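# Structure for the following, please:
(4 chains)
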Protein chains: 2
Amino acid sequence: MKSSLRSVAEIPAESTESLSANVVHRLEVEILKGQRRPGDRLDERQLAEQFGVSRTPVREALQRLAASGLVVSRGRQGLQVAQLSLADLLDAFSVAAELEALASAQAARRIRSEQRTRLEAAHEVCAAAAKARDVDAFYEANLEFHETISVASHNRILHDELRRLTVKISPYRRTITYQPGRMDSSIPEHGQVMDAIFRGDGAAASQVMRAHVTLLGEGLSDLLHFLRMSGDENIIAELT
Amino acid sequence: MKSSLRSVAEIPAESTESLSANVVHRLEVEILKGQRRPGDRLDERQLAEQFGVSRTPVREALQRLAASGLVVSRGRQGLQVAQLSLADLLDAFSVAAELEALASAQAARRIRSEQRTRLEAAHEVCAAAAKARDVDAFYEANLEFHETISVASHNRILHDELRRLTVKISPYRRTITYQPGRMDSSIPEHGQVMDAIFRGDGAAASQVMRAHVTLLGEGLSDLLHFLRMSGDENIIAELT
DNA sequence: ATACGCCAAATTGCATGCCAGTCTTATCGT
DNA sequence: ACGATAAGACTGGCATGCAATTTGGCGTAT
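Residues are numbered from 1 along each chain as shown, chains lettered A, B, ... in the order given. Okay, the predicted model is just below:
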C-alpha cells in the first residue's frame, strides 16, 4: 500500500485479533454510536485507508456485517448501512420484545451473583443519568442494562441473536431516547424487570420486559408521526 | 488459475449472482442437507477447487457463514461447521420456539391467500409423508410448512432471524425426525397451528406453535439420552 | 435547448502471490 | 528407546493487480 500505515486515529487498543475482526468491531461501534447513519454508503477504499489496512479485510468485514443484516449489498453499487423501513422497524421491535422477554425469563432462573451486581449498577447509572437528563449517559447505561440481562440468560444463541438485533436497531433506538419523558418512564420499568429477575419470577420478568420494549416501539411510532408532521422526512427511510 | 474453470460438478444453475453469494448458498444447502456435518472442517483451498472458484469468494462466503453462526472459527485451526453443545441446542430450541410462536401470531393477522394455499399444500404433503413413513419427504415438507408461516408473518426481520436459526439447528432437527412417533404427533400439531392461523386467532396459533417446537426440543432431549445410553457419543458435541 | 449516445473514470469483484503462524515429522541427544 | 527440539510442509491472513461493470460527463445531433 503506497500510503501504507497512514491513518490518523490508529494503533488502537486490541490489535491482537485479526484485522478483519478488528474492522468488524470498529464498524459496529461506529454504527452503534451513530457516527455512520443508515443509508450511508460504505466505500471499500475509504474504509481501508481509514483503518490502515488493505481492502481485503475490509471486504471480509463488510461480508460479515452483511450477513448480520447490518449492512446491505446493492449489487455493483457497493454496500450501505442498512436502512430499515418503518414497517421493518416496528417488526424489529416486536422481535426484540420477544427475545428480550425470553432473556428476562431465563435470566430469572439462571442469573449469577456477579451479574446481579452488574445489573444493579447499570440500573443505578440509568437512574442517575435520567435525573441529570444526560441522554448519552442514559443511552450507554441502558445498553449495559439490557446487555447484562442478555448475558445473565446464559443462553449463547439468544445472546448472539439479541446482539445482532440490538446493533441493527440501535441508531433508531438512540433517537427514541431523545423523546421527552422516555428516560423517566424507563426507570420504573427497569426496576420492575430487575425485581422480578431477582425474585426468580420468570413469568413476571418476561411480561414486564415485553411491555417495556413494546413501549419503546410505540414511542418510535409516535416519534415518526411527530417527525413527519415536522416535515423532517429524511430520517424515515422508505414508507412503502 | 492454472486449473482454471475445470471443476467436475459445475455448470451452476443460477450463475447470475456473485460467486461468493453462490458459494454461501451452496454451503448452506450442503449443511442443511446433512452433507456437511457439525464439526467438519472447512478447507479454503479444497472448497475453492470444489466450487471452481478462487479462494477469495470462498473466504468471503465463510466470513458470512461465520457471522451467521453457522460455522465457527477456531483461531489458526481454520473454520468448521458449528458444533452446538447440548446446552446450546436446548437453548436454540427455546429461542426458535419463541420466534416461531411470534411468526404464527403475526401470520394469523397478516397471511395472504396464496400463502394459505401453500400452507395447506405443505400440510398435506407432511401428512402423506407421515402416512408413507417417508422421513426425507416429511423433513422437506416440514421445512416448507414452517418456512411458509415465517413468510406469512410478513416480518422481514423475523424471517431472516428464523432462517438463520433454522439452518443452524437443521442437522439436529433432521435427526429428531427419525425419532419414532415424531412424524405422527407433528401432524395434528401442525393442523392446530394452521387452523388457528386461518381463524385469525393469533394467541392460539402462537401458543400451539410454541408447544410444538418445545416438544421438538424435548424430543431432542430424549434422543440424546437414548444415544448416550447406547454408547453412541459422537453425535453429542460437547457436554460441558 | 434538450435529449441521446458514447467515452472515461471510478468502484466492485475475483484471482494470485507472499508471509506468518502452526502442526508434523524426523533426527539427535540423553 | 524415548523425549525434545528443530526444520519443513501446510493452512489461513493480507495485499495487490487485473477484469468487468456502472456512473457521470461531455459532445453532438435534432
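# could you check the distance from residue A:102 over to DNA strand C?
Residue A:102 sits 35 Å away from DNA strand C, taking Cβ to the nearest atom of the strand, to the nearest Å as the criterion. In this view, the C-beta of every residue, glycine as well, is placed from N, C-alpha and C.
# Spatially nearest residue to that residue (excluding sequence neighbours)?
Leaving aside its sequence neighbours, residue A:102 sits nearest to residue B:98 (Cβ to Cβ, 6 or more residues apart in numbering or on different chains; 5.0 Å).
# any idea how far residue B:82 is from that neighbour?
20 Å (Cβ to Cβ, to the nearest Å).
# can you check residue A:25 too?
Distance from residue A:25 to residue B:82, counting by Cβ to Cβ: 20 Å.
# So the two - more neighbours on which side?
Ranked by neighbour count (other Cβ atoms under 10 Å in any protein chain shown), residue A:25 and residue B:82 place residue B:82 first, with 21 against 14.
# Skipping adjacent residues, who's closest to that one in space?
In space, and not counting its chain neighbours, residue B:82 is closest to residue B:72: 5.0 Å by Cβ to Cβ, 6+ apart.
# likewise residue A:133?
Distances taken as Cβ to Cβ, 6+ apart put residue A:183 closest to residue A:133, at 7.6 Å, once the chain neighbours are dropped.
# now swap in residue A:201 and tell me
Using Cβ to Cβ, 6+ apart and skipping residues adjacent in sequence, the residue nearest residue A:201 is residue A:108, 6.0 Å away.
# next one: phi and psi at residue A:133?
Phi and psi for residue A:133, reported as degrees, to the nearest 10, are phi 60, psi 30.
# Tell me how many other residues surround it.
10.
# so how far is residue A:126 from it?
The gap separating residue A:133 from residue A:126 is 13 Å, by Cβ to Cβ.
# C-terminal to the helix or strand containing residue A:72, what's the next element?
In this assignment (DSSP states H and E), residue A:72 forms part of strand A:71-73. The helix or strand immediately downstream of strand A:71-73 is strand A:79-81, counting by DSSP H and E.
# and the very next helix or strand once past that next one, what does it pack onto?
Proceeding N to C from strand A:79-81, the next assigned helix or strand is helix A:86-110, under DSSP H and E. When contacts are defined as 3 or more Cβ pairs under 8 Å, 6 or more residues apart in numbering or on different chains; DSSP states H and E, helix A:86-110 packs onto helix A:135-152, helix A:156-177, helix A:182-199, helix A:202-230, helix B:86-110, helix B:156-177.
# Buried ones in helix A:86-110, by neighbour count?
Under the neighbour-count criterion of 16 or more other Cβ atoms under 10 Å in any protein chain shown, helix A:86-110 has A:86-108 buried.
# Same check on stretch A:36-48?
Under 16+ other Cβ under 10 Å, the buried positions of stretch A:36-48 are A:36, A:38, A:42, A:44, A:47-48.
# Could you identify the most distant pair in those?
The most widely separated members of those, counting by Cβ to Cβ, are A:38 and A:48 (22.1 Å).
# Please list the residues of chain A that sit near DNA strand D.
Chain A has residues A:1-2, A:4, A:18-20, A:53-57, A:60, A:75-77 near DNA strand D, with proximity defined as Cβ under 7 Å from any atom of the strand.
# In PyMOL, select just the buried ones from those.
Only the buried members of the residues of chain A next to DNA strand D enter the following PyMOL selection, criterion being 16+ other Cβ under 10 Å:
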select buried, chain A and resi 19+20+53+57+60
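# Give me the subset of the residues of chain A next to DNA strand D that also touch chain B.
Contacts with chain B within those, as defined by Cβ under 8 Å from any Cβ of the partner chain: A:20, A:56, A:60.
# Out of the residues you listed, the closest to DNA strand C would be?
Within those, the smallest distance to DNA strand C is 6.0 Å, found for residue A:56 (Cβ to the nearest atom of the strand).
# so that closest one is in which element?
According to DSSP H and E, residue A:56 maps onto helix A:55-68.
# Contact partners for residue A:77?
Going by Cβ atoms under 8 Å, 6 or more residues apart in numbering or on different chains, residue A:77 touches no other residue.
# Okay, now the unreliable bits of chain A?
Across chain A, the ranges flagged by pLDDT under 70 are A:1-16, A:216-240.
# Flag every residue of it that's near DNA strand C.
Chain A comes close to DNA strand C at residues A:42-45, A:55-56, A:59, A:73, A:75-78, as judged by Cβ under 7 Å from any atom of the strand.
# let's see it at 10 Å
Residues of chain A found near DNA strand C (Cβ under 10 Å from any atom of the strand) are A:41-48, A:54-56, A:58-59, A:62-63, A:66, A:73-80.
# I'd like the distance between residue A:140 and DNA strand D.
Distance, residue A:140 to DNA strand D, using Cβ to the nearest atom of the strand: 29 Å.
# Check the spacing between that residue and residue A:128 real quick.
Distance from residue A:140 to residue A:128, by Cβ to Cβ: 12 Å.
# cool, residue A:170 as well?
Applying Cβ to Cβ, the value for residue A:170 to residue A:128 is 22 Å.
# between those two, who's got more neighbours?
residue A:170 (18 against 13).
# give the contact list for that one.
So residue A:170 contacts A:31-32, A:34, A:143 (Cβ under 8 Å, 6+ apart).
# cool, and residue A:164?
Residue A:164 makes contact with A:68-70, B:161, according to Cβ under 8 Å, 6+ apart.
# Next, check the buried residues of stretch A:36-48 against the strands and list the overlap.
Using DSSP state E, the members of the buried residues of stretch A:36-48 that fall in strands are residue A:42.
# Please tabulate the buried residues of stretch A:36-48 in TSV and include distance to residue B:210 as additional columns.
What follows is the buried residues of stretch A:36-48, written out as TSV (distance: Cβ to Cβ, whole Å):
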residue	distance to residue B:210
A:36	37
A:38	33
A:42	39
A:44	44
A:47	42
A:48	46
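# on that earlier part again, and the strand holding residue A:72, what's buried?
When burial is assessed from 16+ other Cβ under 10 Å, strand A:71-73 yields the following buried residues: residue A:71.
# Which neighbouring elements make contact with that strand?
Judged by 3+ Cβ pairs under 8 Å, 6+ apart, strand A:71-73 is in contact with helix A:55-68, strand A:79-81.
# Outline the domain layout of chain A.
According to automatic domain parsing, chain A comprises the domains A:8-81, A:86-235.
# neighbours of the residue in chain A that DNA strand C sits nearest to, just the number please.
The nearest approach of chain A to DNA strand C comes at residue A:78, 3.4 Å away (Cβ to the nearest atom of the strand). Neighbour count of residue A:78, defined by other Cβ under 10 Å: 13.
# Quick check: it touching residue A:45?
No: counting by Cβ atoms under 8 Å, residue A:45 is not a contact partner of residue A:78; they are 10.5 Å apart.
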